[in-house]
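Asker: Here's my sequence, what's the structure:
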Amino acid sequence: MVRTGQSSERAQLIYQYSTAKYQRKLGQGVDAEVRQQLREPAAKQAGVKQT
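Answerer: Numbering: from 1, shown residues only. Next up is the predicted model:
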């Protein structure tokens, strides 16, 4: 429910047909966000501004 943004279990069941391709796309987005957040503290310590 959290990854797909559903507000209830019922809504999740309705949209549960998610494909492997869609799950991969979601995972890649989460991965990119985590990697960005991990880079930000390192850049701040080094005095480098991330764009």
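Asker: before we move on, which element is Arg24 in?
Answerer: Using DSSP states H and E, the secondary-structure element containing Arg24 is helix 20-46.
Asker: quick one: that helix to chain centroid distance?
Answerer: Its chain's C-alpha centre and that of helix 20-46 lie 7 Å apart, by CA atoms, centre = their mean, to the nearest Å.
Asker: Now that helix: buried residues?
Answerer: Along helix 20-46, not one residue counts as buried under the neighbour rule (16 or more other CB atoms under 10 Å). C-betas here are computed from N, CA, C, even on glycine.
Asker: Could you list every helix and strand in contact with that helix?
Answerer: With contacts defined as 3 or more CB pairs under 8 Å, 6 or more residues apart in numbering; DSSP states H and E, helix 20-46 has no packing partner among the helices and strands.
Asker: heads up, I number from 768, so please use that
Answerer: Done: numbering now begins at 768, and the last item shifts to helix 787-813.
Asker: Can you read off the pLDDT for the spatially most central residue of the chain?
Answerer: Centroid-nearest residue in the chain, with CA atoms, centre = their mean: Val797, separated by 2.2 Å. Note on Val797: pLDDT of 94.
Asker: mind saving the C-alpha coords of stretch 790-799 as PDB?
Answerer: Presented in PDB, the C-alpha positions along stretch 790-799 are these (Å, rounded to 0.1, in the frame of the first residue of the first chain):
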ATOM      1  CA  GLN A 790       7.200  -2.800  -9.700                       C
ATOM      2  CA  ARG A 791      10.700  -2.400 -11.200                       C
ATOM      3  CA  LYS A 792       9.900   1.200 -12.200                       C
ATOM      4  CA  LEU A 793       8.800   1.900  -8.700                       C
ATOM      5  CA  GLY A 794      11.800   0.300  -7.200                       C
ATOM      6  CA  GLN A 795      14.100   2.300  -9.400                       C
ATOM      7  CA  GLY A 796      12.400   5.500  -8.300                       C
ATOM      8  CA  VAL A 797      12.900   4.600  -4.700                       C
ATOM      9  CA  ASP A 798      16.500   3.600  -5.300                       C
ATOM     10  CA  ALA A 799      17.200   7.000  -7.000                       C
END
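Asker: quick one: low-confidence ranges for this structure?
Answerer: Where the chain drops to pLDDT under 70, the residues are 768-771, 773, 784-785, 812-818.
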